[in-house]
Structures are given as structure tokens and as C-alpha cells.
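Colleague: No sequence on hand, only this structure:
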């Protein structure tokens, strides 16, 4: 059985910590480098529900995409939910490794997994990492479709292929416009609008878009119309867990580690229900 | 017919500019204080589509909730959509007045209108303005329901009573939990989570919630369970337009101004369509 | 007739906006890129008096050296004089283009025009732009005189050749010293003292010098004596309007645009009168 | 004969150091508290020329309005002109005391002396010091004239009563407008424009005004027209030297110190000559 | 047996966390509020050696004066010594509570314990806490001696009464001067020099003094001579552990908790040996 | 006799000012470049005691390692001890030159002199200056011993070879461990711990180490054990005075200047006495 330090070294080789953004907090958060690892669980969020799944599973290592502590803490007391996560992990000898923006920009990375789930052909990164001479690493991906589809059809494909969430997919722009090229970026994408416009694509699929950025992006227009597709943040990043688990499986085979690698299917998206506006009934003077 | 300066003085009396947040940009953005005003249009967003509605209507004054320029600009050239808004307004002798955080915290204000649309009884502000001795002004409102309803029923009520939008209402927490008290805040509410928890309410209705704040808020738990309801940003603020129009109508009557006051029914929420996740069909290994 | 976007593209070619200082605000401030241009007015200051001259003249484009908004604004309401400028321009279909520090450092630029007005032979920039391989662009100019003159004679030449202003020319240093080389910089020059000293010139002609910088510069002395000549800020920049108008005339001829190009002769220097100290009469104990 | 510490204590009583602005550097700059003082020289600027006058005079203490070091220094080597000032003072046993913004806001202070030189009746401070319950201390002074005069006449009075300088007095606004009330502020006054407008005076007399602030102040207009008078910085502060010398004389008499108190008549304004624009001759296309 | 939350509430009552400096990090760092507490260990430093002592002792709670994490961390992985401390504590069900600047300024606090160890009579705080109306809380203590002793005698007393350390006591100033009043401050004291001088004491006993602050403090002199005594940082704070243990014992008795309270005698001062300069032998040209 | 400017030029050639840290303040602090120099004194601290030694000696130039003013001053009045230093120097025609971090990183520099005093063979700089292609300049030095010694023996050697001070040498770590390689850095060294660990040495000799950095450095451990030796700050820098005096002697000979060069033997370390902890007697419950 490999030691934690060996497994982490192998994973850090896929997503080197120094490739994370300067404000990010990646790497080993909990765990003793000398402990042995036989079972690994991948998930998006390091929340108590996931940690308890790891305990039940008998996992020795939990790998999540989101950091437990993005800003530094001076306490891990179990009076906070994050401190309780730390206590539960240590009491159960489970290490925690985070791969966040270093996994976003990796090749293959989070947006490759998202594109793959939607059968999109990746052309290259949306924001290329200048330190990558081959031009393959970076944030987001620019993709092509083999056959043009409408925005509505692309949204339906996302709804069908991504993990089911209460939120579903929101669309901005003309639902009947044709999409030949699309930019995708797992997680919050509203900081990438400028690059999306520069990429000249027909649509942008991402998550966590808010009124002001989305509204101004649509109002600013473009040389050609462009649609937005907004999925649940969690759903856009979950495909990466499967990708990463596959990568670790291959490493385990190659090295004869005999690891058991799992992907959590627990939905940690906060939204649990959705009610549609009913455009036919309105009891007030509102334009409902 | 009143002059612009007189109408603006009357409206500034409702929402004094000095009560706006220090980072906000409210007040008169376009217009000549000496021009006459006979027709006024209220809307949420100062976008080109609304400005053209004002032109067609023959309005002399457009009052919006959102600022045109929240950050300072050094150009109003019509090469940008905001510059085109300025050109269209000035060419058509239409003034623009913004009432943003000064309207949010007014008594009555944006969240009073939101509570009113949902038949909620306002108990007081969620974040009281310390300069208001009477304790009525401030951000958000804490409300009571005459009869308890489930979270799902409250969401359905919001869907029915607020203007219809493609996004609908998202719910976090147990949809079947009972709600007796609810905090509401028009627009983006994720900066108010601490005060919501302190208020001891059963639910919080607001807009523009993102994965990380919402997820951490739910994970942090509370002395008692608490649900989140997330509506379209635009829809939560639109009821204020009706409220403000009514306020101006009364002023006009009282002063004999004979103003024609309108509320725009154009939906400027960016989302135009929604596709639900179909939990029954999944073509990948995702937990869909 | 060319469109505004074409005329501005031609002028931006002379003074590319990206060559302006990072704190500056240059480029198109008002105007619709699609409007046609047949008449252009050049001036130093975008004040109401100049805008009204443009209206009377029937100009479609006003080009000024000074920015209208150097710091960003969130309102163009006509309650401020700058807002009134914006309203008057848009109501009269007049665009406004600003060329400020990008014109200062251009080749030829503001200080070339100043040197030309005084019959000074330009040797090179005072502060070369490091991005210009040919060493011709930059702030200020170092110049030679064909025949040495006294500081007083040089001041008299400046008084005679620059537009007349109430302020006249102030001199620091020995008025009878001989000047063979002189640095010139249109507008406020007190940030350039270090480079002037390094240039080893006999005199520095600029504007807006204040007591402390000028006094410390003279007190610090130098390997050789050096005189300061301080003219009206406006007067040192006005010659550029004639230069720029000539440049646009040539472009218009070359492209067959048939533009009518004008230079405003309105004095927008704030000083309207000057009273000399009378060294012979003193009614107090002052050293008058 | 009093010790330096005693004389300084008496002067600090007139202008307590803690009343200086936080960015200012006032108080004793050079000198040994135990040395004796018999002769004192007052001047505006601590430059070498003034220090040599103090040496010739046999002064033990030089009091200046302007600081020697406004920003901190880590060297007083005589390789700089300020270091040479320090060496000359110490070698000749001359102390240096600075009273700058603490003298500006004193009662009586720099602007009282300026008003007195022009026979203006002081009504109160332009910017009252909130810590002065009597409302007498503060920056600048608001003054009344016994008989209204034109702006031009007021400028002529300033030219006649203030120490003669090469620069003379510059006027902005209508020279023939009548002045009944005037704000005065010795030294650079362009940071006080807002308060001047609020004071409702007819004119503002100060120094070191530059194109942009003065131009925007005049363009912004006012409920009533307002003129600017710009004198030499040094000349507006020199009257304070006479005032302060008189104050020290009285203290000396009262305490039987028998001090010899002098005021320097050396002009340390940097401007040595002035050439007027000749509006009748113009050799170029300029509007001269 | 009390729960951790009860014990911590009792201790927070002695040293409320909100009385800590804003840059400090106090309170519960590790532990589950619901766990039971029967044995408590007090120590200065939360280092591995102390944690292992707690494990051997069977302690449920470790209370230290120094924070484990003064700056926030985003990882507690056992690859760092602090992460190993966290792992060891959690694996062994030991909670960690920090009382740092809130204990320094408490009444009684760290410097009271230091004064008590030296038989000094406390007069009051050196830097009174302005929020304490009784004037008892604050940093450091001003103390009196019943009988004057020399500086050397006071240093010998400190060496004898404080825990033995390799460093001993360093003295600055005249060792034979008499001390009647002394300021004491446990831990690093060089930020308190200004207040020490203002207190008018004869000596200052603290720790961690460095060359530049100490040298400048002695060079600056004072109305009367003043000596410095510099002990090991750890030794000046250790007496507080005994004080705090006694306080908790009393609480335990009063509440019938039957706690076992211990004070660690492990020396965690880093210095393990000391070699004196031998003034009689010198092999170089040094002034040894 | 050379002029001050010539002597300083020669010394600046050894330690160019531009090689000092950006926060440092080196170069000529007092003195007239034209004065003649015949006698020079080297010392560590520019304090009054040293200046009076220079006066008695008849020195024309004092060269110190520590700056007089590290932060800028706006006054040199003799009311402060630094101002008195300036007055004494100028009254006695003594110049002051500071060589601080530019001497630390010079080749040879402060740590070379320290290594030399201890018979350590310098291998290279601890923190190489990246601008030195030869890799000889930089902070600190990594050294080898010809024959391994114990940490205790190395401390004893430092005590014997460095100037005698009351503090002596403090040791952290195992006193009996063998030392083959050692890093040395004159003055405060706690900012260099990371580089010391990276250098893989057995010990680090420096000064002014405080509890927290030293304690955390020892707790963090290393691939191999590492000892700290802490001497008096002054004592670690004094050897440089002898080195620098020798360098100036050679220059003087080569140029025929006939300078008299002295090194001060006055101990300006603030510590005047030391009392060891007596581990055998303890009157309290402390672990003494």
C-alpha cells in the first residue's frame, strides 16, 4: 500500500500546486504524510456530508475541488462546521487534498471534463496559461460542435448530461439561435466575459452568473449575438471528479498500488427545489 | 407643468441621496434642471430597451433603481451601450434619475414593496439604519405570515406574485419545512447572511445567490433550520417601481402637477429560457 | 463626407490613445461613431464658451487638448458645467475628442508646436519615450537657438510669439544671462525639473510653476546657472491646435474628405487682467 | 539674556505645534536648547541667502514660515543646499524655528497680517478650526471693505501694499466688478475653492493658482460672479513676518529680555522679471 | 464532569476574547464543545513537546499563552510541526485554548504574576486599558519595592525567582543604581519604551530586547537614569501559568467540577546553553 | 591631504550606496565635500559617546555601520540625542559616513570579517546577490571548519574571539552536536532562517534572535539537527570596523594620502551586566 506522501506526489504531478492562482489554497489540508492509503474518494465540496460518506466508505484520502479554508483560519475548533470537518477527518485517519485552480487550468482539467460530458470538441483554452508553450493549459475551453444546435437544444443537452440539480439550466439570449462554437468554464464564470467575447464564440456555458454582469454583458452586445447558459456550479465541476478518479486509477495500475478509487454521487449543490414562474396566472399588477 | 428640479426635489425627499451607501451613485444622471416634466416612467434597469420605451411613451423623466454608471466614466461616447443610452436620453430631452440603495433602505422601500407583493406583514428592517430613531429604515425586512406555509408553498407564492421570469424560484433547505417568519431583501442578498441568522427567521427570500456563500450558509447550520429562496434579481426589485409610481402619483395630485406616471412592464432580467434537469434520463456516469 | 469613426481613426493614428499616461483620459468623450463630419474645431479647453463657438460654427467635431473628465463621473446632469457641456454637444450633434498626454509626447507634438512658435530648433525630447526606437517621441523638447539671446530677450520673444494673455511671462534667474539651449514643455512643467537639470540647458520655458518647486529648483543650483520662464498654461499649448489643424487638413486633402478645419482663437486662460507691483511707491513697512 | 528654550516656549505659545496640519513639519529644526538668544531674524524661506543674512546680522535665532524639511531626510550633508543651510546655521550658532500651518491658523495669523496690509476688516476665518470654541482660529480670513472697490482697484491696492515682486497681481473674472467682501489666504490657496464659494464673497486673494483649478473654478460659476486675485506666494506671507516680529518684541519687553528683533527684506520669491504680452504685435497666426 | 464548553466559558470569563488585540488569535483552537473535561494542563508554548506531555498526563484540555496560529493557515496537514500538533491533539481528544493578549491585560494578568514572582508591589497598569473604568486592566505593571535594591540585586532576584533558563538576565545601565520603582511586562517589551519613560520608573524588566531599540532607548536618556533588565521571554510568562491554574482550581472547587489542574514545568525557551565572554583572554585585535 | 569628497568616493567604491537595501539610509550624513581629511575613526554605532571619542581624537571623518537616521527626520535640533550628534559633528568639522547593508553584502563584507574573527573558511554568501555574476557578494556567509567542533566549543570560540560583552553567547539546540559547516550573519539574523535551513549547515551564528522566531525555527526541525548561536549584535559587527580600516589604510598608502585610521574600542552594546540563573536555588513553585 502506498503512503499518503506517495499518492499526493502522484496527484500533485497532475495538478502542480504552483499552478494555482496566488489567492487560492490548494494541496494537503489534513493528513499525515506517513499514513497508508488504500481507498480514495473524489468530490466537489469538503462538507460534513461528504466527509461522513468517506468515513462510511473507509476512505483514507478525500480529494475535493473546493478548498476547505480559502482564507486562513486560526482555529479548527469543532464549534464551526469546518472545524468539525477537520476533527472528523483526523479522528478517522482520512487525509484531505484540494485541487482547485490548479485543476481548472490543467490539461486535462475541469473544463475538459465539462466539455467531454457534453460531447463538445475542445479546440483550446479560453484563457491560455502563458507559461505553457504548447498552448493547452489555461482557464475554460473553447469548443466546437460537430453539428450546429440551437441554444435551447444545447441547454437541453446540458440538462441531460450533467448531474441532475434542482436549478436546471438558465439561458440568456435568443433560445433559437444556432450554436457552432461554445466556450465552457466550470464554476463561476463571470470574470471571463471579456475573453469570451474575444473568442468569437456563439455561446458561453458556465455557472453562478449574477444579474449585473450578465445583464451588462448582454446589453453590451457584440459583433455577433451570443448566448449564456448558466448551470449549477456544482454540476459543472462534478464531471472533473470522474476524470480525476480515472487518472488516479491509471496511476494506481501502473504502480501496482491496488487503490480503490470512488466518486461521490452526493449532490452538494445547495438548491433542493425549483418552482417555475407561471406566466398565465398573476394576482397583482405585476407584469407576471 | 413642474420643472425637472421640482420633481427631483420631491423624489429626493422620499429617498435622500445622502442615505445611499458611500460606494453607490444615485441622483440625477442626465437632464437639465430647467426642463419641464409631464410624463414619468419607472423601471429597474437603465438599458437601451427601456430608454426606447421612454422615447415612444414621450416621457420626460426616467427613474430607475439601478445606476447607469456605478463606477465613474470619462466618456459617454455612443461606442458603448451606456454612452448610447446617454445620447438617446439627451437627444430626446429625457432626464434620468437613479434611486438605488437610498430606495432600498427607505420607509417604505424596495423590500417593503417585495413583502407587499407576497402578502407578508413587515415587522421591521433586517439591518436597521442606526441614524433612524424610529427603527423603520434599513436594508431588508423581517416579516411574519398570518398562517404558516411550507417553504415550497412560499416559493410557489413568490412564483405567482412576482413578475414572471424564465428563472423561476430556487429553494435551498427542506421544501416541506414550515415558515412562520421570513426575511426578504430585493436584489443580491448574500452579504446579509449573518444578519439573517441573527434574526432567527425560518426563511430568507432574495436573489443572485452563488454556490459558495449559499453552500457555506447552509453547511454552517443554525439553532434552527432555515431555508433560502432565490428569485430573479429583477423580479424582486420590480414591485418597488409600482410603489414609487404610486408615491409620485400622490405627490402629483397634492401639488396639482397633473403628471402621467407609468411603470415599465418590459422584463430586463437577462434570462430568457430555462431547462429543467430531467432526473429520469442520464446518458453518462453522472449522478443525473 | 467621412463618418466620425473614420476621422477619429485618422487622428488616433497621429496620437494613439495607448501612448497617453495611465492616469489620463483621452479619446472620444461624446459622439456617435456613425455620424458624418464636415467641420472640425480645435481648442485647448472643453469649456462651455468653446462649445458654443462650435455650435455657432456648425462644427460636427470638437478636438481639445484638455480632458473634459480627467476623473470618472457618474453623472452628466446639466446641473454642473461639465454636464452642460455634454448636453450642449449631444443636442447639437457635436462629437468631442481629447488628445492630451498622447499629443504631448507625439512627434510632432505639443512642445514641437511651442518650440516652432518661438523659432527654436528642436534637438530631441526632454524625456524620451523608451518605446520609441528612433528617440523622437517624449515629453518636452530640448532646443537650440541659432544666435544666443539673453533670458530677457527670450522672454520677450515668448511674449510676442505666443497668444497674448493677461499674465505675460515670468522669469526666474538672471535676466541678462545668455541662452544658447532651452528646454520647453507645454503646460505644467514642474515635474520635469530633474530632467531639465540633467539636460544641461540654459533655460526652461513652461507654465504653472509654483513657489515651492521653483524656489527649491533655483536654490538647489546647478553646475551652471539656469533660468525659468513661466508663461500662461493655455498659451503654451495653443500652438498645438494650429499644428494639429494643419495635420488634419493634410489628411483631409489626401483622402478627399473636404473637411473644414478651424482653430479657436478664444482665450480660455482664466487670467483677465494683470497689475504690476510698483517698486517706487509703498505705503507700509513692507520691502515694496 | 534668555535661553533658546525660553524664547521657543514663548513663540510656541503663539503658534502651538500641535495645531499644525498632520503632514506639516514645524518647531525647532536646528539649535541647542541651552544656547542664549539676543538677536532674532524673521523671514519667509529658510534658504542660504537668508541664512547668510542672519550670519551677517549676528542673529542667534532664525524664524521662518516655510519648513526646511517638509519630508524627512536621512542626511544633512552639505552636498545639498538644505544640508549647507544646516551646516551654516550650526557653525554660526544660529537656531532655526519653523511656524507654518500653526501660524496660518493662529489668531492673529498669516491671513490676518495679509488682510491688515490691505486695510481689510477681518470678519472671521474662512475655514474655522473646529477646536476653537471662539471661532477665531482657522485657515484664511473672510473680510469686508469699508467702501466697495472694483476688482481692478483691489488688485492695484494689493500691488501697492504688498512687497514688490516681479510677478505682480493676476486677476481672473470681470476686472470692473464691485467687491464688498473678499476672502484672503496667504500662500497656495487652490485647495480652498469650495469654502470660498460657500462663503459667498465677491473675490478671493491668494497665490500659486494653476490653470486647471482656476479655470474649473471660474467655469463652474456661482450664484454670483466671483473674482480671483493671484499674488506672489512669498508676498502674501511676508506681512506675517512683521506681525510675528511685533509679537516677539512685546514678549521681549514684557519679560525684560532686551531682544533685538529683525524682519528680512530680502525677496526670496523666485521670479526676478516679468514681460507683458503685447497685444498689438503678433508675428504668427496666433490670436496674440 | 463539566463539558469543554462550560470550562471554556469559565476561562473566557477571566480573559474575555474581545479584550485581545485586534491582530491576536485567542480562544478555542482545537476541541469539540461537547467533550468532557477532567484534567487540564497550563503551559506557555503550544509545541509538540508540551502536547506530548498532555497526552502522557491524560489531559483533556491544554491552555497555552502563545497562539498556535497567529496568522491564519489554510492547512493543518502533519507535514508542518503545527499541523502535527493539531493531529496529535485531535487524535488524543485534547482541546487547545489560547489566552494571549487578553491574559496580558487581565486583572490579574501575566505581568501581575511576573511582579508577584519577584515580590514587587503592583501600583497599576503601565498602559491602562481605557475601557476599564477602575484603571486596573492593561499592558504591563508599574511596581514599587518595599526596600530599594540595586539594579544588580534586582537582576539577581529575577534570576533566582523566575524559572531557570540558559540565558539568565541581561542588564543595561548602571548595575549599581538604586531601584525604588520598576515597570514589568511579560514577553517582548520593546514597544513599551515610550510609556516606560513616561512612568518615571527606575527600571524596566521585560524580554526579547534587541540592539537598536535598547541602544536608542539608553542613548535617548531621560530626566533620570533608567535600567533595563532582559530575561528569557518564556521565563517572564511562566508565572502566569501558575496564576491561571490557581484561578481554575478555585472555579473548579466552587462549581464542584473536581478538575485536576497541572502546570507544565518543561522549559520551552529555545536557549539551551550560555557561554560568557571571558574578558581576560583575547586572541585577536578585538577590544575583548 | 585629500578632500572629504575624495575619501568618500574611495570608500563608496568599496561599498557602493546603490547596493544598499531600498529601505536603508547609507552614504554621507554630515560634512562638507570640500573639507580636508587627515584622520578617520571607524565604529559600529553613531552615538554621542563615539562622537566625543572622534572629537578627542581629532578625527575629520567618522565611518559607522549603523545609520544615524534610518527613517527620515525633519529636525536636527539638539533636543534629541541624534540632533546633538549632528551639532557636535558639525561644530567640530567631523563628517559622518554610513556603510550599512551595502557593507553587509560587500566582498569582503561584514560577515567575512565575522567569519575571519572565528577562523572559519568562507565558502560563499548565504543569500547571493543576484546581480553579482561571480557569486561572491550577498548577505551572510556559509563557512566550513577545518576540524569539526561541538556547538559548545564553537560558542566558546565566539566568546573568546569576538569583543567581550556582558551578554556572552546563547546557544539553542544540542550543545554537544558536531559542527562541520556554519552560516554566519553579522547583526539581526532572524529573517534568514529559511535560507539557513536551505543551506544545509550544522549551525547558524548571528544576533538579536527573539523567542518566537527562534522557537518556531527549532520546533520546525529540519532534515538534520541545527544549532543557533546568538551573540551581541554589536560584537558580531565590530570585526568589520577592523576590516574596513585596513581597506582604507591600503587605499591611503596607494594614493599617498597619509591618513591616520583608527578603530574605536568603545563597547556600545547596551548590555552592561549579566546574571546567570542559578538552577540550584529556587524560592517559588517555579521550575527554577
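Modeller: It's in. Please read all numbers here as calculations on a predicted model, not as lab measurements.
Colleague: got a list of what residue A:196 touches?
Modeller: Applying C-beta atoms under 8 Å, 6 or more residues apart in numbering or on different chains to residue A:196 gives the contacts A:126, A:140, A:183, A:189, A:204, A:226. C-beta coordinates here come from the backbone N, C-alpha and C atoms, glycine included.
Colleague: Pop out the phi and psi values for it.
Modeller: phi -60, psi -40 (degrees, to the nearest 10).
Colleague: So what touches the helix or strand where residue A:124 lies?
Modeller: Assigned by DSSP states H and E, residue A:124 belongs to strand A:121-128. For strand A:121-128, contacts defined as C-beta under 8 Å, 6+ apart pick out A:105, A:111-112, A:115, A:135-146, A:181, A:183, A:185, A:192, A:195-196, A:199.
Colleague: any idea which of the contacts of residue A:196 is the one closest to residue E:42?
Modeller: Lowest distance from residue E:42 to the contacts of residue A:196 (C-beta to C-beta) belongs to residue A:189, with 51.8 Å.
Colleague: Tell me the secondary structure at the closest residue in space to that closest one that isn't next to it in sequence.
Modeller: With sequence-adjacent residues excluded and distances taken as C-beta to C-beta, 6 or more residues apart in numbering or on different chains, residue A:189 is closest to residue A:206, at 2.8 Å. Under DSSP: H, G, I helix; E, B strand; the rest coil, residue A:206 falls in the strand class.
Colleague: Counting neighbours, what do you get for residue A:206?
Modeller: 27 (other C-beta atoms under 10 Å in any protein chain shown).
Colleague: Which helix or which strand is home to the residue most central in space within chain A?
Modeller: With distances taken as C-alpha atoms, centre = their mean, residue A:237 lies nearest the centre of chain A, 2.1 Å away. Assigned by DSSP H and E, residue A:237 belongs to helix A:233-255.
Colleague: which residues does the residue of chain A with the smallest separation from chain F contact?
Modeller: As assessed by C-beta to the nearest C-beta, chain F sits closest to residue A:33 within chain A, at 13.7 Å. The contact partners of residue A:33, by C-beta under 8 Å, 6+ apart, come to A:3, A:4, A:5, A:8, E:77, E:78, E:79.
Colleague: Next step: these restricted to helices.
Modeller: Using DSSP state H, the members of the contacts of residue A:33 that fall within helices are A:4, A:5, A:8.
Colleague: which residues in chain A form strands?
Modeller: A:27-30, A:39-43, A:61-64, A:95-98, A:121-128, A:138-150, A:169-172, A:178-188, A:203-207, A:227-231, A:260-263, A:271-275 (DSSP state E).
Colleague: right, and the ones you listed - which one's nearest residue A:156?
Modeller: strand A:169-172 (7.9 Å).
Colleague: the inter-axis angle of the strand holding residue A:124 versus strand A:138-150?
Modeller: 140 degrees (axes from the mean of the first three to the mean of the last three C-alpha atoms, to 10 degrees).
Colleague: and residue A:145, how many neighbours?
Modeller: A count of nearby residues for residue A:145, using other C-beta under 10 Å, gives 20.
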